[in-house]
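Chemist: show me the folded form of this:
(chains A and B)
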There are 2 protein chains.
Amino acid sequence: MIVLGIDPGLANTGYGVVARRGGRLVALDGGVIETLPEAPAERRLADLHAALAAVLEQHAPGAVALEDLYFGQNVRSAFAVGQARGVAMLAAGQSGIGCFSYTPQQVKAAVCGSGRAPKEQVSWMVKTLLSLAEEPARDHASDALAVAICHCNHAPVARALAEATR
Amino acid sequence: MIVLGIDPGLANTGYGVVARRGGRLVALDGGVIETLPEAPAERRLADLHAALAAVLEQHAPGAVALEDLYFGQNVRSAFAVGQARGVAMLAAGQSGIGCFSYTPQQVKAAVCGSGRAPKEQVSWMVKTLLSLAEEPARDHASDALAVAICHCNHAPVARALAEATR
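Modeler: All right, here's what the predicted structure looks like:
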């Protein structure tokens, strides 16, 4: 199973590609897609879409995982993040790939064992769980890898539940 | 000048195509794009994108006009509308068409002469300004035509200002 985690934003979108290989998780790719601050928003969204489409084509993930809205956000930032998130979900939908949303608490619990873990702990656990040489250089990349790990660890449970209730 | 107004939403997206012909405005097209409520969001966004891309290709507008965030919205609805709005802006950006945002007050003022006009008055003025036989059947289509009218009436002023400050 290959999962693409995305932490969307107009200026910086983190992405992380995680695969389950036998009993353990490995990172296949990860980074931050940046858009030009001086470009109009519609151009930046088009650049973001093209970059994500290239990642989807390269890795052909079976699922896309995204963090759900953080409820502490204000209306304006929710609106701005929503625009980038819509473009990310669209890229998945155009490739026929399902999207799965997790709350920040679910992601932290999946990665650190506690829904209230601080940011630095998430980054350190991402490094540890994926056997990386060092922590991801950028928070957005770390967060994207974390939500991908979260989906990898939830997906077998979700599948078992779906099969049990058939 | 042809302007595409969009009132974005995941379930219902209003659109309206307005052209300036001599001294008056005419409606070339308008309606509501609906997505399947039972489909996953990424599929609905992909369907919305395809429908908007078809409208853009058919009418080749010189600009896309959208209402800005309504500040009374709560965080969750701002997030949901933002996703559909991002997809609409993306479709414009992919066609190299600029997007212009107007507050609800600006739209009402442009259409009704008052930023506090009630909804029914907007619909009635849209019918009158565009010489339609009757008011648009759906609020989303009426709102999309209204924001397109707003851009048609603002654009000459914006252009004159840009030229004056060169």
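
Chemist: nearest to chain B: which residue in chain A?
Modeler: Minimum separation of chain A from chain B (C-beta to the nearest C-beta) falls at A:Gly82, amounting to 2.3 Å. Yep, even glycine has a C-beta here, placed from its N, CA and C like the rest.

Chemist: count of residues packed around the nearest residue to A:Pro37 once chain neighbours are set aside?
Modeler: The spatially closest residue to A:Pro37, leaving aside those adjacent along the chain, is A:Ala11, at 6.5 Å (C-beta to C-beta, 6 or more residues apart in numbering or on different chains). By other C-beta atoms under 10 Å in any protein chain shown, 15 other residues sit near A:Ala11.

Chemist: isn't A:Ala11 up against A:Leu36?
Modeler: No. The criterion here is C-beta atoms under 8 Å, and A:Ala11 misses it with A:Leu36 at 9.3 Å.

Chemist: which neighbours do the two have in common?
Modeler: A shared contact of A:Ala11 and A:Leu36, defined by C-beta atoms under 8 Å, 6 or more residues apart in numbering or on different chains, is any residue touching both; here these are A:Arg44.

Chemist: hmm, back to that, any idea whether the closest residue to the residue of chain A closest to chain B other than its chain neighbours is helix, strand or coil?
Modeler: Once flanking residues are discounted, A:Gly82 sits nearest to B:Gly82: 2.3 Å by C-beta to C-beta, 6+ apart. Using DSSP: H, G, I helix; E, B strand; the rest coil, the secondary structure recorded for B:Gly82 is helix.

Chemist: give me the number of residues near B:Gly82?
Modeler: By other C-beta under 10 Å, the residues close to B:Gly82 number 26.

Chemist: can you check A:Glu120 too?
Modeler: When neighbours are counted by other C-beta under 10 Å, A:Glu120 comes out with 11.

Chemist: coming back round to it: wait, what's in contact with the residue nearest to A:Gly82?
Modeler: B:Gly82 sits next to A:78-83, A:85-86, B:69 when contact means C-beta under 8 Å, 6+ apart.

Chemist: ok, residues contacting stretch A:111-126?
Modeler: Contacting residues not belonging to stretch A:111-126 are listed as A:104-109, A:129, A:132, A:135-136, A:139, A:142-143, A:145-146, A:149-150 [C-beta under 8 Å, 6+ apart].

Chemist: show me those that map onto helices.
Modeler: Within these, residues falling in helices by DSSP state H are A:104-109, A:129, A:139, A:142-143, A:145-146, A:149-150.

Chemist: now those as TSV including neighbour count and distance to chain B?
Modeler: Formatted as TSV, these follow (neighbours: other C-beta atoms under 10 Å in any protein chain shown; distance: C-beta to the nearest C-beta, whole Å):
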residue	neighbour count	distance to chain B
A:Pro104	20	14
A:Gln105	14	16
A:Gln106	18	17
A:Val107	27	17
A:Lys108	22	20
A:Ala109	17	22
A:Leu129	21	26
A:Asp139	17	21
A:Ser142	26	22
A:Asp143	24	17
A:Leu145	31	21
A:Ala146	30	20
A:Ile149	26	21
A:Cys150	25	18
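
Chemist: near chain B, which residues of chain A show up?
Modeler: Near chain B, the residues belonging to chain A are A:40-46, A:49, A:64, A:69, A:71, A:73-76, A:78-87, A:89-90, A:92-94, A:97-99 when assessed by C-beta under 8 Å from any C-beta of the partner chain.

Chemist: report the buried members of the residues you listed.
Modeler: A:41-46, A:49, A:64, A:69, A:73, A:75, A:78-87, A:89-90, A:92-94, A:97, A:99 (16 or more other C-beta atoms under 10 Å in any protein chain shown).

Chemist: for the nearest residue to A:Cys150 once chain neighbours are set aside, what are its contacts?
Modeler: Residue nearest to A:Cys150 in three dimensions, not counting chain neighbours: A:Ala110, with 3.8 Å by C-beta to C-beta, 6+ apart. Listed by C-beta under 8 Å, 6+ apart, the contact partners of A:Ala110 are A:102, A:146, A:149-150, A:153-154.

Chemist: may I ask which two of the residues you listed are separated the most?
Modeler: Taking C-beta to C-beta as the measure, the contacts of A:Ala110 reach their widest spread between A:Ala146 and A:His154, a distance of 12.5 Å.

Chemist: all strands for chain A, in order.
Modeler: For chain A, the strands identified by DSSP state E occupy A:2-7, A:12-21, A:24-34, A:63-67, A:98-102, in order along the chain.

Chemist: which residue sits closest to A:Thr13, ignoring its sequence neighbours?
Modeler: Per C-beta to C-beta, 6+ apart, closest to A:Thr13 is A:Ile33, 4.5 Å.
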